[in-house]
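> Quick one, fold the following:
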Amino acid sequence: MGAQQVRTLIVNARVVPCSGDVTERPFDANILIEGERISGVFPGPAPIEPGSAQVVDVQGATVIPGLCDAHTHISWPLDFVFDHAAVAAMPDDEHALEVAAVVRTFLQCGYTALVGAGALKPRVDVVIANAIDRDLIPGPRLWPSGAHITVKGGLGAGFNTEVDSPETMRRAVGEQCALGVKAVKLMASGDGIIPEFPSQTNYMDDAMVAAAVEEAETHGAFVTVHARGAESVRIAVRNGVRIVHHASFLDDLSISELSAARDHVWVCPGLHYLRSVVEGKAEPYGMSRQSVERALYPEELQASIEGLRKLHSNGVRLVAGGDFGHQWTKHGTYAAELVSYVELLGFSPIEALLTATANIGPLLGEPLGQVREGYLADLVLLDGDPTSHIAILADHDRLGPVIKGGKPILSGWGEVERWARSRIPTSR
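Numbering: from 1, shown residues only. Coordinates of the predicted model:
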């Protein structure tokens, strides 16, 4: 017989299960954790023998699933200011320490899962993912990416992987997967903030994207695509990519094709990044109003809002993620993406929350994103109700302890109870 699993019973919780029900609100419940998984969520007393589990009283704190960001650049340090080449030139050992600080920050903000969307060094995501898995450093569950894959002379050329044919694409993807990459990132469109690469210009064809998807699948990986324009979105969708990043400029045909593929393609908007730039948050860092207007970012933001609303109404699943790490989208402010879904797209708070929870499990094929029997016990405690006020998730004073795989991270169960006693009396 194997060793008996540790059992912990969280009592007096206000649970938001994130089941997918948009009418969901917190309810009183107790949560039984066995090992790294949830073994029951009980509106009344848990049916277990007294003394058979450690009891942790959270004093009416809200408990939600751990959050996921599906568009992360963990290789951007905490003080990153849009100088990709300088970071790429950093010594690997120094850079790894910077990235360790980034993943710790994600975890402290309630993010227990991350999907890489391109790294400034080919192995750093994988190295960090392995270190997290071995408990060498604290961090979320990480689906690591490698260097962006772009066309020769295309967006990001010079410090990313460049390809010029289906054959070189297949080889590049295979080499990344051999390193341990699980989320391969393609740069299929431009980005207007770099004037020579307009957002609506497409740089990859069907054969190249199909080769990437086929090669990734043979290694148990998947492909994500930077696709701002309608043509690049359509090529991505019809060739089986898993995540379409941005999807800013959509037309009726691309909306129709995304809607038809809603069961196996997810859209990750990066909406807060666009909003921040358009609202002038990047001006102190050298991104002038003239350059923003030349990039057509104001038009892109409005097109994104209109297109994402249509996708949502058609049942296309959005997953939260937002290019965080610039000084105008600083590390540690990740929940601002969810706030933008409420304020710009008209989502209810629970609809926004589901983009970072329930929608993630099917995307990754893992029991993640719900407070539900059989799911991984990745949980976040909060002082307040995010189904009424999503901005609670962006308020570090309201964020409580984070539990990953059934264990408090960066604290112990005693600290969880002390936090609950000190914080919760003002929240009910």
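
> three-state assignment of residue 33?
Here residue 33 is recorded as strand under DSSP: H, G, I helix; E, B strand; the rest coil.

> what's around it, how many residues?
Neighbour count of residue 33, defined by other Cβ atoms under 10 Å: 25. Yep, even glycine has a C-beta here, placed from its N, CA and C like the rest.

> who touches the residue lying closest to residue 113 once chain neighbours are set aside in this structure?
Spatially, and ignoring its direct neighbours in sequence, residue 113 is nearest to residue 68 (3.9 Å; Cβ to Cβ, 6 or more residues apart in numbering). Contacts for residue 68 (Cβ atoms under 8 Å, 6 or more residues apart in numbering) come out as 111-115, 140, 319-320, 356-357, 360, 364, 368-369.

> Show me the helices in the stretch 51-200 of the chain, by range?
Using DSSP state H, counting those that start in this stretch, the helices of the stretch 51-200 of the chain run over 84-88, 92-108, 124-133, 166-179.

> By mean pLDDT, show me the worst of these.
Mean pLDDT is lowest for helix 84-88 among the helices of the stretch 51-200 of the chain, at a mean of 85.

> so how far is that helix from its chain's centroid?
23 Å (Cα atoms, centre = their mean, to the nearest Å).

> Adjust the sequence numbering to begin at 834 for everything that follows.
OK, 834 is where the count begins now, so the last one is helix 917-921.

> Report the residue ranges of every domain in this protein.
Per automatic domain parsing, the domain ranges recorded for the chain read 840-898+1203-1259, 900-1197.

> which one of those has the most crowded surroundings?
Mean neighbours per residue, mean count of other Cβ atoms under 10 Å, is largest over the domains of the chain for domain 900-1197, with a mean of 21.

> ok now that one, how far from the chain's centre?
So, by Cα atoms, centre = their mean, the centroid of domain 900-1197 is 9 Å from its chain's centroid.

> Endpoint to endpoint, it covers what distance?
Chord length of domain 900-1197, first to last residue, is 13 Å (Cα to Cα, to the nearest Å).

> Who are the contact partners of residue 1039?
Neighbouring residues of residue 1039 by Cβ under 8 Å, 6+ apart: 1068, 1071, 1072.

> now swap in residue 1083 and tell me
So residue 1083 contacts 1063, 1066, 1091, 1136, 1140, 1143, 1144 (Cβ under 8 Å, 6+ apart).

> Inside strands: which ones of those residues?
The members of the contacts of residue 1083 all map outside strands under DSSP state E.

> got those residues as CSV, with distance to residue 1249 and pLDDT columns?
Listed next are those as CSV, based on distance: Cβ to Cβ, whole Å; pLDDT from 0 to 100:
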residue, distance to residue 1249, pLDDT
1063, 48, 97
1066, 43, 98
1091, 41, 98
1136, 44, 98
1140, 42, 98
1143, 42, 98
1144, 38, 98
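
> and those residues, which two are the farthest apart?
Within the contacts of residue 1083, 1091 and 1136 form the most distant pair, 14.4 Å apart (Cβ to Cβ).

> Would you map the strands across the stretch 1034-1183 of the chain?
Secondary structure of the stretch 1034-1183 of the chain (DSSP state E, counting those that start in this stretch): strands at 1055-1062, 1076-1082, 1099-1101.

> Make a markdown table out of these and add distance to residue 936 and mean pLDDT.
Output for those, formatted as a markdown table (distance: least, Cβ to Cβ, whole Å; pLDDT from 0 to 100):
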| stretch | distance to residue 936 | mean pLDDT |
| --- | --- | --- |
| strand 1055-1062 | 19 | 97 |
| strand 1076-1082 | 20 | 97 |
| strand 1099-1101 | 19 | 98 |
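
> To residue 908, which of those strands lies closest?
Closest among these, using Cβ to Cβ: strand 1055-1062, at 15.5 Å.

> so what secondary structure elements neighbour that closest one?
If contacts are counted by 3 or more Cβ pairs under 8 Å, 6 or more residues apart in numbering; DSSP states H and E, strand 1055-1062 sits against strand 1016-1020, helix 1039-1051, helix 1063-1071, strand 1076-1082.

> returning to what we had before: distance-wise, check the residue nearest to residue 946 relative to residue 1099.
Counting by Cβ to Cβ, to the nearest Å, the gap from residue 901 to residue 1099 is 11 Å.

> CA-only coordinates of stretch 1014-1027 in CSV, if you can.
C-alpha atoms of stretch 1014-1027 as CSV (Å, rounded to 0.1, in the frame of the first residue of the first chain):
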residue,chain,number,x,y,z
VAL,A,1014,8.6,23.6,-25.3
LYS,A,1015,4.9,22.9,-25.0
ALA,A,1016,3.5,26.1,-26.5
VAL,A,1017,5.1,27.0,-29.8
LYS,A,1018,4.5,30.7,-30.8
LEU,A,1019,4.3,31.9,-34.4
MET,A,1020,4.4,35.5,-35.5
ALA,A,1021,1.9,35.3,-38.4
SER,A,1022,1.0,39.0,-38.6
GLY,A,1023,2.6,42.3,-38.1
ASP,A,1024,2.2,44.8,-35.2
GLY,A,1025,1.7,48.4,-36.2
ILE,A,1026,3.8,49.8,-33.4
ILE,A,1027,6.7,48.7,-35.6
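
> Neighbours of residue 1200, how many?
Residue 1200 sits with 15 neighbouring residues when counted by other Cβ under 10 Å.

> Okay, and the beta partners of the residue nearest the centre of the chain?
In the chain, the C-alpha nearest the mean C-alpha coordinate belongs to residue 902, at 1.1 Å (Cα atoms, centre = their mean). Per DSSP bridges, the residues bridged to residue 902 are residue 947.

> Would you mind listing the residues in contact with residue 1051?
By Cβ under 8 Å, 6+ apart, the contact set of residue 1051 is residue 1010.

> returning to what we had before: and residue 887, which of the helices of the stretch 884-1033 of the chain is closest to it?
Nearest to residue 887 among the helices of the stretch 884-1033 of the chain is helix 925-941; the distance by Cβ to Cβ comes to 22.3 Å.

> What angle do helix 957-966 and that closest one make with each other?
Helix 925-941 runs at 60 degrees relative to helix 957-966, counting by axes from the mean of the first three to the mean of the last three Cα atoms, to 10 degrees.

> which helices and strands sit right next to helix 925-941?
helix 957-966, strand 1232-1237.

> Distance to residue 879 added to the ones you listed, as TSV?
Shown next, in TSV, are the helices and strands packed on helix 925-941 (distance: least, Cβ to Cβ, whole Å):
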stretch	distance to residue 879
helix 957-966	30
strand 1232-1237	17
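
> now for these, which one comes closest to residue 991?
Closest of the helices and strands packed on helix 925-941 to residue 991 is helix 957-966, at 17.8 Å (criterion: Cβ to Cβ).
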